[in-house]
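Enquirer: give me a model of this one.
(2 chains)
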Amino acid sequence: MLELTADERAVAAGQAGEAAAMAIRIVAEAARLMGAPRLIPIASAHIDGALYHGDSGTLFAEKLVEGGARVAVRATLNVGALAPAGCAPVRLPPHEREMARRMMRAYEAMGCEPSWTCAPYQAGHRPARGTDVAWGESNAVVFCNSVLGARTNRYGDFLDIACAISGRAPDYGLHRRENRIAALQLDVSGLSPALRHSEVFYPVLGTILGRTAGTAVAVIDGLQGCASEDRLKALGAAAASAGGVGLFHVAGVTPEAPDAATALGGAPPRERIALTSDDLAAALARLSTAGPTERVDAVAIGSPHLSLAEIDETERLIAGRRLQIPLYANTGRHVLAPLEAQGRRKALEQAGVIFVVDTCVVVAPILPRLDGAVLMTNSGKFAHYAPGNTGYAVTYGSLSECVESAVAGRLVREPLSWS
Amino acid sequence: MELKAEILLPGGPANGRCLALTAPISFWGGVDPATGTIIDARHPQHGRNVAGTILALPGTIGSSSASAVLLELVHAGRAPAALLLDAPDAILLLGLVVAREMGWQAPPAFRLPAAKQADLDGLKLAISVAGMIAAG
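Expert: Residues are numbered from 1 along each chain as shown, chains lettered A, B, ... in the order given. The predicted structure is shown next:
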């Protein structure tokens, strides 16, 4: 049974204004529906609700603004449906474009930071380990829980901004220590070190994790010394799109898993799975939908948004060559600004890179409409969503294969042993 | 026939023909927010329309934008007349919570186990404010 404090009841009754009352009533209703006994204070929020799905979301955000809403905690914004920082044009009809623009403006008016990125954790928003936060966007949620060790559930549209305004969240799920203990153990130590050290492995592992774990918490064993931050980012994003994963542990790597036994809470796992090359082959096959074709119409990288280190690597692989087909580099302003300052943006664009900033190619109509088109990507998340959202079939490959294919204008494969 | 369903979100009495889905659905990407048509090509009820129905859901797949789609259906006048859920889904139901806050007429939501939903498919139903479900 949910109990609110006297202060929370006063806010809900309108003492702090109309919008604050609406926000805390929404948080309290969510708490009641999930059986949370109380609300807890949060340190920050990441808001996924500013992506336009229809006019009602814009009207909701504008009603909050009219009611005097201001976020009570630091709140970054996930991608929108437009690209105010310029770069690739978005094809939205005039009415939708105007409503999407009004929506983005309303969220900024409430004091949210115009970060417009799905990788806020690489744009300077990194809550401390053990703090409670309210984050939306599945990849950001899983990174925040797993890599930073802060605590959040998957906050959906409307609840994310309501939590940010009230500074409160329902006390249930991954906010509670007992729900962060791993139930599954995934052992990858039988796979070759070369594979575990290659970036192309991580979205495949994430796909397996998502399909195996669902919403359960797993600990992965055997990645000590292999897993960089960008690899964990790719792993989590794939896991959260293939399943409902909100938290995973990597033994010896992530903050709540000094070793597998600690992550498991000292108890034996419900299930222990040793990954084989057959498991990898099956997951790898699922990531591509284009079938045996050499056709590639576009390359898209950056879901989650590219870090500066990932751009560095892309630039190194392009090595001054000219691309035959466009390579869409999806990233945030936090990365574009230094690229611009260093004079690198222009050179990359001249080579054939198209920057997509503040949004991305699967949430906004950016890719040209083409019959039978094929998109190549190194992102597990793009591989998952592109067929439904863009109409492009997908070919999954490494970053190096993506760049070589863009240079050649057709699919280029490089030898790699998946075992 | 009379069944009692637990109230998840209260509302006025509801009338309509029951559409009992036979598989879980993700509202985002699964239901067209402008029309209420089920657009997920892999869903068994692909092509049916949820507007005005007593919609029985054996399960929901929790996209974090399900609430936005349900709010859009309410705003467009294409929402179901009532929802019957096997288990509460805070993300989906938040669309109705927000619709009420916006002052829009939001359908009520009740809890009814999936096993009891299937028999209701196609029947004209009346649901009282207290959650009593009767043929009507």
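Enquirer: what pairs with the lengthiest strand in chain B, and is each one parallel or antiparallel?
Expert: For chain B, the longest strand by residue count, based on DSSP state E, is strand B:14-20. Strand B:14-20 has the following strand partners under DSSP bridges: strand B:54-57 (parallel), strand B:124-127 (antiparallel).
Enquirer: phi, psi for the most centrally placed residue in chain B please.
Expert: Centroid-nearest residue in chain B, with C-alpha atoms, centre = their mean: B:Leu83, separated by 2.9 Å. B:Leu83 has phi and psi values of phi -120, psi 130 when expressed as degrees, to the nearest 10.
Enquirer: now the one 10 residues further on
Expert: The phi and psi values for B:Leu93, taken as degrees, to the nearest 10, are phi -70, psi -20.
Enquirer: how about A:Glu401?
Expert: phi -60, psi -40.
Enquirer: make sure A:Leu209 is actually in contact with A:Leu247.
Expert: No. The pair A:Leu209 and A:Leu247 does not pass the contact test of C-beta atoms under 8 Å, sitting 11.1 Å apart. Yep, even glycine has a C-beta here, placed from its N, CA and C like the rest.
Enquirer: output the contacting helices and strands for the one helix or strand A:Leu348 maps to.
Expert: Element membership of A:Leu348, judged by DSSP states H and E, is helix A:344-351. Secondary-structure packing of helix A:344-351 (3 or more C-beta pairs under 8 Å, 6 or more residues apart in numbering or on different chains; DSSP states H and E): helix A:308-318, helix A:333-341, strand A:353-357.
Enquirer: if you set the cut-off to 7 Å instead, what comes out?
Expert: helix A:308-318 (3 or more C-beta pairs under 7 Å, 6 or more residues apart in numbering or on different chains; DSSP states H and E).
Enquirer: how close does A:Gly54 get to A:Asp157?
Expert: 11 Å (C-beta to C-beta, to the nearest Å).
Enquirer: please disregard the earlier target; I meant A:Leu232.
Expert: Distance, A:Leu232 to A:Asp157, by C-beta to C-beta: 26 Å.
Enquirer: likewise A:Phe355?
Expert: Using C-beta to C-beta, we find A:Phe355 at a distance of 27 Å from A:Asp157.
Enquirer: which of these two has more neighbours?
Expert: A:Asp157 (29 against 24; other C-beta atoms under 10 Å in any protein chain shown).
Enquirer: isn't that one right up against A:Ile47?
Expert: No. Using C-beta atoms under 7 Å, A:Asp157 makes no contact with A:Ile47, being 9.1 Å away.
Enquirer: on that earlier part again, give me the common contacts of A:Leu209 and A:Leu247.
Expert: Residues touching both A:Leu209 and A:Leu247 (C-beta atoms under 7 Å, 6 or more residues apart in numbering or on different chains): none.
Enquirer: not counting its neighbours along the chain, what's nearest the residue sitting furthest away from the middle of chain B?
Expert: Most distant residue from the mean C-alpha position of chain B: B:Met1, 20.8 Å away (C-alpha atoms, centre = their mean). Of all residues not flanking B:Met1 in the chain, B:Ala135 sits nearest, at 5.5 Å (C-beta to C-beta, 6 or more residues apart in numbering or on different chains).
Enquirer: run through the bridge partners of that neighbour.
Expert: Beta-bridge partners recorded for B:Ala135 (DSSP bridges): B:Leu125.
Enquirer: that one against B:Leu123, yeah?
Expert: Yes. At 5.8 Å, B:Ala135 and B:Leu123 qualify as touching, with contact defined as C-beta under 7 Å.
Enquirer: sweet, I'm off.
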